[in-house]
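**Q** I would like the atomic coordinates for the input below:
(one chain, ligands or ions: 1)
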Amino acid sequence: MSVLIVYAHQSPNSFNAAVKDVAVKELEKQGFKVTVSDLYAMEFKATSTRQDINGELKSAELFRYGEEMEAAWRNDTLSNDIKQEQQKVQEADLIIFQFPLYWFSVPAIMKGWIDRVLIGGFAFSLEKMYDSGVFKDKKAMLSFTTGAMESMFRPEGINGDINVTLWPLQNGVLHFCGFQVLPPQIFWGPAHCPHTVRTAMLETWGQRLKGLMSETPLQFASSKLFDLSFQGGFCLHPEAKKERETHPYGITTGHHLGKPLPPDHQLRAPPGGAAGTH
Ligand SMILES: Cc1cc2nc3c(=O)[nH]c(=O)nc-3n(C[C@H](O)[C@H](O)[C@H](O)COP(=O)(O)OP(=O)(O)OC[C@H]3O[C@@H](n4cnc5c(N)ncnc54)[C@H](O)[C@@H]3O)c2cc1C
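**A** Residues are numbered from 1 along each chain as shown. Take a look at the predicted model:
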């Protein structure tokens, strides 16, 4: 079994580095092959540009990154740094994204990794997305630190519900590519708590890593609920919508149908599963 840690922090003395080191140590102890992509140390290029393609373009007149990258992936003309990361993704059974939360999201260098590595053809296609996604046999998870304390990311907190913050990355990136998404590991405000609390956080993380691969992934809306055609607009089947009318909550954080969000939907898998999800 192989684990890829895509890691974005500038300092080896940071709390993020400590979290990453605990993961490397614990996973190696369990016999995993662990690979770390240390994005800042690699000076990983964050921008999506023409330089990502070796050789001819399909259309030099109007450069369309998505189309050109998919063609380059098919023709094996992607730049070497992207090819190397794609090879690591292919070999991994689990990918852990380790980062400090920047503007409710990943740091730019990690967003660049997502944009440049998880490209059409390699990571998704119209036929291979969500439940049928390319990486449906792999797991992925977010592990991140915040500046904010936990209460600030509650529905009544000043930043709003963390479930909403997590939805674009966990659904829009990871689930879209088919990954089984493990519940996120969140380290709340490590810079603003006593050293003993930070040490305890690292210990909890080490304990969680022992059973990580047998955890139940988060649940997302099953693709079966949607009319996957252009005529149907890739929207919920009318029967699925009707069936949901009597439920107290929406289907997911994103597919809320104007109802209250299913509580902590992006933080943990509901016990026993929920109807209409997978
Ligand atoms: C551009 C930008 C945007 C941001 N946007 C957001 C946002 O949207 N929401 C939000 O909540 N926050 C945001 N932040 C804050 C950011 O998320 C936090 O600063 C970051 O998560 C803190 O993690 P760190 O690893 O950098 O902490 P560090 O400052 O590196 O570490 C915290 C403390 O842990 C100590 N430490 C290191 N190793 C260990 C160890 N082994 N054991 C115990 N202690 C140790 C360090 O010495 C330090 O005292 C943003 C920051 C920036 C720069």
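
**Q** give me the three-state assignment for the residue sitting furthest away from the middle of the chain.
**A** Using C-alpha atoms, centre = their mean, the residue of the chain lying farthest from its centre is residue 61. It sits 33.6 Å away. Assigned by DSSP: H, G, I helix; E, B strand; the rest coil, the conformation of residue 61 is coil.

**Q** please apply the same query to residue 166.
**A** Assigned by three-state DSSP, the conformation of residue 166 is helix.

**Q** report the contact partners of the nearest residue to it once chain neighbours are set aside.
**A** Excluding the flanking residues, the one nearest residue 166 by C-beta to C-beta, 6 or more residues apart in numbering is residue 266, at 4.0 Å. Bear in mind the C-beta positions are built from the backbone N, C-alpha and C, glycine included. Counting by C-beta atoms under 8 Å, 6 or more residues apart in numbering, residue 266 makes contact with 162-163, 166-167, 170-171, 184, 218, 253.

**Q** give me that answer again for 7 Å
**A** By C-beta atoms under 7 Å, 6 or more residues apart in numbering, residue 266 lies in contact with 163, 166-167, 170, 218, 253.

**Q** same for the ligand: which of the residues you listed are within range?
**A** When C-beta under 6 Å from any ligand atom is applied, no member of the contacts of residue 266 is adjacent to the ligand.

**Q** quick check: end-to-end length of stretch 255-270?
**A** Taking C-alpha to C-alpha, to the nearest Å, stretch 255-270 runs 16 Å from one end to the other.

**Q** please identify the buried residues of that stretch?
**A** 255, 261-262, 265-266, 269 (16 or more other C-beta atoms under 10 Å).

**Q** so which of those would you say is closest to the ligand?
**A** Closest to the ligand out of those is residue 266 (15.8 Å), distances taken as C-beta to the nearest ligand atom.

**Q** ok but that closest one is inside a strand, no?
**A** No. Secondary structure of residue 266 (three-state DSSP): coil, not part of a strand.

**Q** quick one: which of the contacts of residue 266 is most hemmed in?
**A** Among the contacts of residue 266, residue 170 has the most neighbours (other C-beta atoms under 10 Å), with 27 neighbours.

**Q** is that one in a helix, a strand, or coil?
**A** In three-state terms, and counting by three-state DSSP, residue 170 is helix.

**Q** okay, the buried residues of stretch 255-270 in JSON lines with pLDDT and distance to the ligand next?
**A** Putting those into JSON lines (pLDDT from 0 to 100; distance: C-beta to the nearest ligand atom, whole Å) gives the following:
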{"residue": "255", "pLDDT": "96", "distance to the ligand": "25"}
{"residue": "261", "pLDDT": "96", "distance to the ligand": "20"}
{"residue": "262", "pLDDT": "95", "distance to the ligand": "23"}
{"residue": "265", "pLDDT": "96", "distance to the ligand": "20"}
{"residue": "266", "pLDDT": "98", "distance to the ligand": "16"}
{"residue": "269", "pLDDT": "94", "distance to the ligand": "24"}
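
**Q** tell me which of those residues is nearest to residue 76?
**A** Using C-beta to C-beta, residue 266 is the member of these that lies nearest residue 76, at 36.6 Å.

**Q** list, one by one, the residues from this structure near the ligand.
**A** For the chain, the contact set with the ligand under C-beta under 6 Å from any ligand atom comprises 9, 13-16, 18, 100-104, 145-148, 190-191, 195, 198-199, 202.

**Q** so what's residue 118 up against?
**A** 173, 177.

**Q** how near is the nearest residue to residue 160 once chain neighbours are set aside to residue 202?
**A** Distances taken as C-beta to C-beta, 6+ apart place residue 153 nearest to residue 160, at 7.2 Å, with adjacent residues excluded. According to C-beta to C-beta, to the nearest Å, residue 153 and residue 202 sit 21 Å apart.

**Q** how about the nearest residue to the residue in the stretch 101-250 of the chain that the ligand sits nearest to, chain neighbours excluded?
**A** At 3.0 Å from the ligand, residue 147 is the closest residue in the stretch 101-250 of the chain, using C-beta to the nearest ligand atom. Of all residues not flanking residue 147 in the chain, residue 189 sits nearest, at 6.3 Å (C-beta to C-beta, 6+ apart).

**Q** how about residue 115?
**A** residue 48 (5.0 Å).

**Q** next SSE after the helix or strand containing residue 199?
**A** Using DSSP states H and E, residue 199 maps to helix 195-210. Using DSSP H and E, the helix or strand that directly follows helix 195-210 along the chain is helix 238-244.
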